[in-house]
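model this:
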Amino acid sequence: MKNVKEYIDQHKDRFINELIELLKIPSISADSAYKNDVFAAAEAVRQTLEEAGADNTEICQTAGFPVVYAEKIIDINKPTILVYGHYDVQPADPLELWDSPPFDPVIKDGKIYARGSSDDKGQMYMHVKAFELMMNTNQLPCNVKFIIEGEEEVGSANLETFIVDNKEKLKADIILISDTSMLSLEHPSITTGLKGLSYLEVEVTGPNRDLHSGMYGGAVANPINILSKMIASLHDENNRITIPGFYDKVIEASPEERALIAKTPFELDLYKSKLGIKAVHGEKGYSTIERTGIRPTLDVNGIWGGYIGEGAKTVLPSKAYAKISMRLVPNQSDDEITTLFENHFNSIAPDSVSVKVKPHHGGEPYVTPIDTKEYQAASEAIVMAFGKEPVPVRAGGSIPIVALFEQILGLKSILLGFGLDTDAIHSPNESYGVQNFLKGIETITYFYKTYSSKK
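A predicted model of the protein is given here:
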């Protein structure tokens with residue numbers, strides 16, 4: 001496609017400045033204090049889609065935060081690409097660990113540092129600018145629809161209802177998503193699988209009030225001690241999850257599949273160096289890439305209880321809490337795993353405490369085949385932009401709505417992400433490479449051409 005690189009080069013400063021303005025909006029969907037900012041981000045996305053040339057741009061209300069919808073139908077006989085992304089972001093805590101304010105973006109060492117820069121405002125905005133490019137150079141080869149939501153970081157609670165209610169409006173041939181990562185700019189990759197998710201909160205209660213640890217310690221169960229032991233028991237000495245039935249439906253990767261995974265470019269020493277660790281950790285018998293891509297996991301995402309203020313307070317707490325997530329692989333069901341966890345966690349609690357398990361949100365795992373025209377179109381677009389074939393990679397992250405898209409709309413998704421594992425998404429100092437952003441715009445534009453030529 002002529003003029004693609006030229007257009008990007010001419011407008012790259014504006015593209016980056018526009019993204020920076022969007023990143024300044026603290027659209028944290030998990031915190032009600034930022035409710036107005038989430039709505040402001042939705043309107044900003046709608047406006048930029050309208051300015052790029054979309055028709056029928058809408059702010060579609062839901063029971064929670066709105067969905068931004070837009071479309072450009074050039075010919076009903078041409079294929080239609082449905083672009084999905086999200087404009088909400090994770091909380092920025094802990095703020096003291098940021099080198100610069102999370103909603104005051106800065107560019108340093110070729111990266112844009114801000115909350116949401118990689119997940120997912122920066123990647124979502126690539127699609128808006130690719131669309132603008134095709135519209136302004138008269139190169140849009142097919143129809144396009146956009147569905148940009150504001151609740152992805154809290155489980156997309158209302159998106160399923162929106163999709164069911166708008167099946168006709170959302171009719172398309174393929175879904176295109178950039179909310180994943182690639183191995184590197186030197187080794188481009190395409191995500192071919194996502195893990196499912198079961199996210200829970202547990203509460204362990206001992207005495208009916210906080211107690212003096214000297215007067216009651218050793219005689220009354222300490223919920224923090226008990227919770228710590230219960231959590232520790234969830235993995236065995238080989239780091240396998242001990243919940244009965246947890247692995248029953250996991251399909252073991254074939255030797256051929258594992259051999260293919262082993263060919264993935266990966267430098268273990270560099271991986272450890274970037275993370276500041278001396279050794280990797282995980283299920284025995286599997287490589288680091290296999291652990292993150294094809295094996296289920298269980299992790300504590302937060303744990304608290306008792307006194308955590310300044311100085312000392314010798315308290316035996318009444319309650320202790322933890323947030324726990326389990327990443328699931330194909331054939332594991334979110335609902336089934338949640339039930340297995342709840343039953344097991346209750347069964348291992350001693351009589352000295354009571355336990356509550358509160359499910360938060362979840363989603364099903366997803367795998368996209370690599371022998372389809374859609375995947376081949378994505379592969380060819382990567383070759384056009386990067387000059388080399390992409391590596392198919394299973395990701396450790398979860399996008400629960402992807403499985404629902406297939407279930408409700410009957411559509412497969414192409415996961416064309418441009419983030420890196422060093423982007424620190426969900427962590428302090430999140431960043432997104434300027435080159436990744438611009439290469440993403442270029443590749444997405446090529447995908448429209450390659451995909452349309454195969455339909």
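
can you tell me the element residue 300 falls in?
For residue 300, the host element (DSSP states H and E) is strand 297-305.

helices and strands around that strand, which ones?
Packing contacts for strand 297-305, counted by 3 or more CB pairs under 8 Å, 6 or more residues apart in numbering; DSSP states H and E, involve helix 223-232, strand 319-328. (C-beta placed from N, C-alpha, C; glycine too.)

where in this protein is pLDDT low?
1-2 (pLDDT under 70).

tell me how far the residue of it most remote from its centre lies from residue 209.
What lies farthest from the middle of the chain is residue 215; by CA atoms, centre = their mean that is 47.1 Å. Remark: distance between residue 215 and residue 209 (CB to CB, to the nearest Å) = 13 Å.

name the stretch among the helices and strands packed on strand 297-305 that sits most buried.
strand 319-328 (a mean of 21; mean count of other CB atoms under 10 Å).

now the helix or strand that that one is followed by: buried residues?
Downstream of strand 319-328, the first helix or strand assigned by DSSP H and E is helix 334-347. Within helix 334-347, the residues that qualify as buried by neighbour count (16 or more other CB atoms under 10 Å) are 334, 337, 338, 340, 341, 342, 344, 345.

same deal with stretch 419-436?
Those would be 419-421, 423-425, 428-434, 436, for stretch 419-436 by 16+ other CB under 10 Å.

first vs last residue of stretch 287-300, how far apart are they?
Start-to-end span of stretch 287-300 (CA to CA, to the nearest Å) is 21 Å.

whoops, stretch 154-165 was the one
For stretch 154-165, the first and last residues are 21 Å from each other (CA to CA).

just give me how far it sits from the chain centre.
16 Å (CA atoms, centre = their mean, to the nearest Å).

and residue 293, how far is that from residue 79?
Where residue 79 is concerned, residue 293 sits at a distance of 30 Å (CB to CB).

which one's more surrounded, these two?
Neighbour totals were compared for residue 293 and residue 79, and residue 293 leads with 22 against 18 (other CB atoms under 10 Å).

and the more buried one, what does it touch?
193, 261, 393, 394, 395, 396 (CB atoms under 8 Å, 6 or more residues apart in numbering).

recalculate using a threshold of 6 Å.
Going by CB atoms under 6 Å, 6 or more residues apart in numbering, residue 293 touches residue 394.

cool, residue 173 as well?
79, 80.

change it to 8 Å
By CB under 8 Å, 6+ apart, the contact set of residue 173 is 79, 80, 81, 411, 455.

cool, and residue 396?
Neighbour list for residue 396: 195, 292, 293, 297, 327 [criterion: CB under 8 Å, 6+ apart].

what of residue 54?
Taking CB under 8 Å, 6+ apart, one finds 70, 71, 72, 131, 144, 146 in contact with residue 54.

hmm, 6 Å instead?
Residue 54 neighbours (CB under 6 Å, 6+ apart): 70, 72.

before we move on, the earlier item: neighbouring contacts of the strand holding residue 300?
224, 231, 234, 241, 317, 319-327.

adding distance to residue 288, write those residues out as CSV.
Listed next are those as CSV, based on distance: CB to CB, whole Å:
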residue, distance to residue 288
224, 32
231, 23
234, 21
241, 18
317, 37
319, 36
320, 32
321, 30
322, 25
323, 24
324, 22
325, 19
326, 19
327, 15
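
for those residues, work out which two are farthest apart.
The distance between the two most remote of the contacts of strand 297-305 (CB to CB) is 29.7 Å, for 317 and 327.

so residue 119 touches residue 425, yeah?
Yes - the pair residue 119 / residue 425 is scored as a contact, 3.9 Å apart, by CB atoms under 6 Å.

good, we can wrap up now.
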